Each structure stands twice: as C-alpha cells, then as structure tokens.
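1. From the sequence below, what's the structure:
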Amino acid sequence: MNSVATFLVGVAIFVGIVGIVIPILPGAILSLAAILVWALEEQSSTGWIVLSAAVVLIGASQVVKYIVPERRLRESGVPRRSMLVGVLLGIVGFFVIPVVGMFIGFPLGVYVSERQRLGAHAHAWTSTKHALRATGLSILIELIGTSLAAAVWLTAVLFLV
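-> Numbering: from 1, shown residues only. Reported below is the predicted structural model:
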C-alpha cells in the first residue's frame, strides 16, 4: 500500500477514535473498517494478524462496554427504564440541538424518569450521576479497545511492513 493510502487509513482510524469521544460517527466500526481496508490491500500475514488483533480488541471492548456499566448501574439501583428514557431523549436532543443536544437530552431523560420514579430531587440527581458515570465508563472502555487496535496497526505500519 502506498504512503498516501496508508496515511488515509490512519486518518480514518483517528476519525473513528474521535467518533467514540464525540459520538457522531460509529467510531469503533469506522476504525475497524479502515484496518480491514488496509489488511485487504496489504495481502500479507502481518495484515491478517493485525486485522485479527483489531477484531479481538474492538470486539471485546464492544462486549465489555455494556457488561461493566450495566452491572454498576444495577448495583446503584438505576433501572433500565431510566436509561432507555435517557437514550431516547438523547436521540431527540441530537436532532433538536445538533451535536450538543445528545449531551443535554440523555441526562435530562434519566433525571426526569428518576424524578418520576423516586419523587425527590436529591435521589433523582444521584441516579443521574450514576448513569453519567456509567456512560463515561462505557465510552472509556470502547476508547481503550479501539486505541489499542490502532496502536497495533501503527506498530505494524512503522516497524513490520
């Protein structure tokens, strides 16, 4: 693969990583797709090993990003219903106030649902903070998995190919 194409793959991986932190794009999938394109173009054992490692790292992070935060939310007493209301309001917020609406809609949805369920502001706010921490943990897990996959790819490009 020529250097311009390799650079463009690197840019796509970087954009994917940014898409995890600023959830506008499907970041992990974009990064994995870029590594797949690179491996298909390389047609070498190194390319296939890097792709396999990326699939394992990103795949594992996709599973773990749901399991760990879900367990913490269950332990803190935040029901799935409140998270669902938060996600729905986050989606609505994304379209009503582009880009930042998701960051306003999600906590607002969790808070409103928990306020209705628990009654008191203090309890609803505590649940909302737990939901925000769980969301941050989920993003962090996905970011780590995708960044490790990107590091494997970069190592291969710089030292092995």
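2. Contacts for stretch 138-151 next, please.
-> Residues from elsewhere that reach stretch 138-151 (Cβ atoms under 8 Å, 6 or more residues apart in numbering): 13-14, 16-17, 20-21, 23, 27-28, 31-32, 35, 53-54, 57-58, 60-62, 64-66, 68-69. Glycine gets a C-beta too; all of them are placed from N, C-alpha and C.
3. Mind giving me the ChimeraX select for these, buried ones only?
-> The following ChimeraX line selects those of the contacts of stretch 138-151 that are buried, judged by 16 or more other Cβ atoms under 10 Å:
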select :13,16,17,20,23,27,28,31,32,35,53,54,57,58,61,62,64,65,69
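4. Determine the number of other residues adjacent to A149.
-> Using other Cβ atoms under 10 Å, A149 has 29 neighbouring residues.
5. what's the spacing between it and L30?
-> 12 Å (Cβ to Cβ, to the nearest Å).
6. can you check M102 too?
-> In this structure, M102 lies at 18 Å from L30, with Cβ to Cβ as the measure.
7. repeat for I91
-> With distances defined as Cβ to Cβ, the gap from I91 to L30 amounts to 20 Å.
8. higher neighbour count, the two?
-> Applying other Cβ under 10 Å to I91 and L30 shows that L30 carries more neighbours, namely 20 against 15.
9. For that one, grab phi and psi.
-> Dihedral pair for L30: phi -60, psi -40, per degrees, to the nearest 10.
10. With L25 instead?
-> phi -110, psi 160.
11. tell me the contacts of the closest residue to it other than its chain neighbours?
-> Counting by Cβ to Cβ, 6 or more residues apart in numbering, L25 lies nearest to G19, which is 3.3 Å off, once chain neighbours are set aside. G19 makes contact with L25, P26, G27, L30, according to Cβ under 8 Å, 6+ apart.
12. Kindly provide the distance from the third one to E42.
-> Same thing as G27. For G27 relative to E42 (Cβ to Cβ), the value is 23 Å.
13. Could you pull up the mean pLDDT of stretch 115-122?
-> The predicted model gives stretch 115-122 an average pLDDT of 89.
14. what does it rub up against?
-> Contacts of stretch 115-122 with the rest of the structure, by Cβ under 8 Å, 6+ apart, involve P79, R81, S82, A124, S127.
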